[in-house]
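J.: Prediction below, plus the sequence it came from.
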Amino acid sequence: MNRFDRYYRAQIEDSAMRELVEKELASLDIGVQIAKLRAKHRLNQTQLAARARMSAPKVSRIESKPANVQLDTLIRLAQALGARLEVRLVEGKKKGRHSRRPLA
């Protein structure tokens, strides 16, 4: 195990830090999915941008740091890639005694 691995493990033991890391990884996942689909269709970022009616730098930003991307932007990218966008809510882990019970 190298120094980075030890550092990473120590940081992940902190629940607040672990939550931030998990959130960032989930955010990056959509960018990776877009880049993979774009590559599968043999499109560069400029070509995808033209199909989705947006700028190439915007496609680049979404692929590399997709934080706060609007849903309509993701829909346009999905359509330009011949894909379907799925949005799901997945129940998270309960956070101690003060967790709220689901309604209904």
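T.: Nice, I can see it. Residues are numbered from 1 along each chain as shown.

J.: Going by secondary structure, the spatially most central residue of the chain is in what exactly?
T.: Centroid-nearest residue in the chain: Ser27, 2.6 Å away (criterion: Cα atoms, centre = their mean). Element membership of Ser27, judged by DSSP states H and E, is helix 15-40.

J.: Kindly report the same for Asn68.
T.: Counting by DSSP H and E, no helix or strand carries Asn68.

J.: Just list the residues touching the residue nearest to the centre of the chain, thanks.
T.: Applying Cβ atoms under 8 Å, 6 or more residues apart in numbering, we find Ser27 in contact with 65-67. Where you see a C-beta, it was placed from the backbone N, CA and C, and this is true even at glycine.

J.: same deal with Ala78?
T.: Ala78 touches 84-85, counting by Cβ under 8 Å, 6+ apart.

J.: With Ile12 as the reference, measure out to it.
T.: Using Cβ to Cβ, to the nearest Å, one gets 32 Å for the distance from Ala78 to Ile12.

J.: now swap in Ala35 and tell me
T.: Separation of Ala35 from Ile12 (Cβ to Cβ): 26 Å.

J.: One more: Ile62?
T.: For Ile62 relative to Ile12 (Cβ to Cβ), the value is 27 Å.
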